[in-house]
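J.: Provided below for reference: sequence and predicted model.
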Amino acid sequence: MDIVMLGPPGSGKGTQGNLLAEQLGGRPLSTGDLFREILQDESHPLYPKVQVVKEGKLVSDDIVNLVVEDGIQKPEYRDGVIFDGYPRTIGQAEALDRMLSGMGRQVDLVIDLNVSREVLFYRMLGRQVCPKCKQVFHRDQGLKNCPDCKEALVYRSDDNEETIVKRLHEYEVSTLPLQHYYRSSRPVYVTLTIDDASLSAMDVNGQILEKLKEKGMLQEIK
Ligand SMILES: [Zn+2]
């Protein structure tokens, strides 16, 4: 199954994508990782094209699409891909449809995590990270150090109110057309409204599975 995850920064779509990968099959795809791999391999046919990333320039849809198209041919993505952070534009969404259709596949499912601003702010402003193992905690857990590595927890510099407002705005502007695109086309579209900060990742996952059951999608799952 090929799944597109939509959701603002801080919505937990990476976490949910990983859980769904285990439950539904398929593998999460990170465009960042694909770019990094190509940049480390001078013999890769896309190596010259991805140099723009190093120069810090804006990466065009065309280049992102080429990198994704190359990436999803790898055997580990044969049983399906969970896309998180791609597509970001209509151009990318159309390109993804073409790529998958060329492989006899399609976007089967879109999961839209509609997390309220209050919850996003609560999560991001209180977010603490272990610099060593990268585990994420929340200020309200009252931890000063990582329980596993004893390392002092830190806040991320981009988790401040001004940056969050900007990131959410960018997300809304770019995603609204995508929501439209997928709602008016074939994939099963699941929206989850999350306005309770006390919901755990497993709670949200349970709700997603519940909705998939309602839509009759869980029978198809191996
Ligand atoms: Zn740690």
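T.: Received it, and whenever you're ready, just let me know what you need.
J.: distance between stretch 50-70 and the chain's centre?
T.: Relative to its chain's centre, stretch 50-70 lies at 18 Å (CA atoms, centre = their mean, to the nearest Å).
J.: Any buried residues in it, and which?
T.: Buried residues in stretch 50-70, counting neighbours by 16 or more other CB atoms under 10 Å, are found at 50, 53, 63-70. From N, CA and C alone the C-beta is placed, and that goes for glycine too.
J.: cool, and stretch 161-176?
T.: Buried, per 16+ other CB under 10 Å, within stretch 161-176: 164, 167-168, 171, 175.
J.: Closest one of the residues you listed to the ion?
T.: residue 164 (24.0 Å; CB to the ion).
J.: residues contacting the closest one?
T.: Counting by CB atoms under 8 Å, 6 or more residues apart in numbering, residue 164 touches 9-10, 120-121, 124-125.
J.: Next: residue 35.
T.: 50, 53, 67.
J.: any idea how far residue 169 is from it?
T.: As for residue 35, its distance to residue 169 is 25 Å (criterion: CB to CB, to the nearest Å).
J.: Spell out, range by range, the helices that occur in the protein.
T.: Using DSSP state H, the helices found in the chain span residues 13-24, 31-39, 51-54, 61-71, 90-102, 117-125, 161-183, 201-214.
J.: Of the contacts of residue 164, grab the buried ones for PyMOL.
T.: Applying 16+ other CB under 10 Å to those, the buried members can be selected in PyMOL as follows:
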select buried, resi 9+10+120+121+124
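J.: May I see the buried residues of stretch 28-42?
T.: 28-29, 31, 34-35, 37-38.
J.: Nearest to residue 137, out of these: which one, please.
T.: residue 28 (22.0 Å; CB to CB).
J.: can you pull up the bridge partners for that closest one?
T.: Taking DSSP bridges as the rule, residue 28 bridges to residue 82.
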